[in-house]
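**Q** Sequence plus predicted model, see below.
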Amino acid sequence: MSDASAKPSLVRSLWGATHPGPTLVVTTLSLALGVAAGLEPGRLGLLVVAVFAGQVSVGLSNDAIDAARDLAVGRTDKPVAGGALTPERALAVAVASVVLAVVLSAPLGAGLVAAHAIALASAWAYNAGMKSTPFSIAPFLLSFGLFPSFAPLSLPQPALAAPWASLAGAALGAAVHLTNVVRDLDDDRATGVRGLPHRLGARASVVLAAAGIVVGGVAVFLGAGGGVVAAVFFVAVVAVAGVTIVLALSRTPGRAVFRLTMLAALLLAAQLVVT
């Protein structure tokens, strides 16, 4: 097989550089929250596509900006660092995607445009350099804290999400940041990245992430007024987060601990949707 025929297609390379997993999870969460908020189909579709475009821009800008760093640590599995996609092309599509995200948000109201633009600017700021500072968690707290408001701001009579929902979103964002970065601590240190998780260390980062998830779960349970379904999800969130903390304190955090943390985060997201 020739090199030309073996090279991935442009579309496949672009998709691979969007961080497909997180992109699909966040997009699906926007769909679930939109349904829970009672958005009619037209508005719901616009919201979901706008969120998807925004997440595509975040993923592509991350890989475009980090291309040299990823190559230095051998991350040739990434399309940009591996040469399947140039940083310039990835960044160009990222810019087009972020513009599209804001344009698609416009028909849903000025409130959503403002919230979405702030969340995306925060995410791009992280990619552009905040990841290397002690304040690396701030963009995640801000962007995820705003996220629960996207659906209610898309209603004909827009409103911000309840404070307890925003707190749960911020806790979810903190867990995502602390857990995802922990898996790349060594590679990041080798290329000069020293965000908050790098300064805290793996064990403290995992414990903080799990503790934050418990706080988010408590906020949702109390804020939503309880109920059987809410109680079931609350117990699940606290149980998984509690096991994660025990394991992290008793042994060096490994793949199982990281997966448990993300499971607790997903349960918190589900608790937020159903309540």
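**A** Perfect, thanks for sending it. Numbering: from 1, shown residues only.
**Q** so what's Val235 up against?
**A** The contact partners of Val235, by CB atoms under 8 Å, 6 or more residues apart in numbering, come to none. Backbone N, C-alpha and C define where each C-beta goes, glycine included.
**Q** same check, this time on the one 3 residues further on
**A** For Val238, the contacting residues are Val214, Gly217, by CB under 8 Å, 6+ apart.
**Q** what's the distance between it and Leu267?
**A** As judged by CB to CB, to the nearest Å, Val238 and Leu267 stand 9 Å apart.
**Q** likewise Thr191?
**A** 33 Å.
**Q** and if you look at Gln55?
**A** Using CB to CB, we find Gln55 at a distance of 21 Å from Leu267.
**Q** can you check Thr275 too?
**A** 12 Å.
**Q** got any residues that touch both of the two?
**A** Phe233.
**Q** which regions of the stretch 151-275 of the chain lie under the pLDDT threshold?
**A** The model of the stretch 151-275 of the chain has pLDDT under 70 over residues 183-184, 186.
**Q** hey, where'd the helices end up in it?
**A** 163-182, 185-190, 196-200, 202-223, 228-250, 255-274 (DSSP state H, counting those that start in this stretch).
**Q** Just want the angle from the first one to helix 228-250.
**A** Comparing the axes of helix 163-182 and helix 228-250 via axes from the mean of the first three to the mean of the last three CA atoms, to 10 degrees yields an angle of 30 degrees.
**Q** on that earlier part again, quick one, which of Thr191 and Leu267 is more surrounded?
**A** Leu267 (21 against 15; other CB atoms under 10 Å).
**Q** Please report how far the more buried one lies from Lys131.
**A** 26 Å.
**Q** Equivalent analysis for Ser97, please.
**A** Note on Ser97: its distance to Lys131, by CB to CB, is 20 Å.
**Q** Residues in contact with stretch 158-167: which ones?
**A** 109, 111-112, 145-146, 148-149, 151-153, 169, 215-216, 219-220, 222-224, 272.
**Q** ok, now stretch 243-254?
**A** Contacts to stretch 243-254, defined as CB under 8 Å, 6+ apart, come from residues Val182, Ala202, Arg203, Val206, Val207, Ala210, Ala211, Ala256, Val257, Leu260, Thr261, Ala264.
**Q** what does stretch 264-273 give?
**A** By CB under 8 Å, 6+ apart, stretch 264-273 touches 25, 29, 32-33, 36, 148, 165, 168-169, 171-172, 175-176, 179, 209-210, 213, 216-217, 220-221, 230, 233-234, 236-237, 240-241, 244.
**Q** Pull out the buried members of the residues you listed.
**A** When the contacts of stretch 264-273 are checked for burial by 16 or more other CB atoms under 10 Å, the buried set is 25, 29, 32-33, 148, 165, 168-169, 171-172, 175-176, 179, 209-210, 213, 216-217, 220-221, 230, 233-234, 236-237, 240-241, 244.
**Q** which residues does Ala209 contact?
**A** Ala174, Ala175, Leu178, Thr179, Thr261, Ala265.
**Q** now Val35
**A** Val35 touches Leu44, counting by CB under 8 Å, 6+ apart.
**Q** tell me the pLDDT at it?
**A** Val35 carries a pLDDT value of 96.
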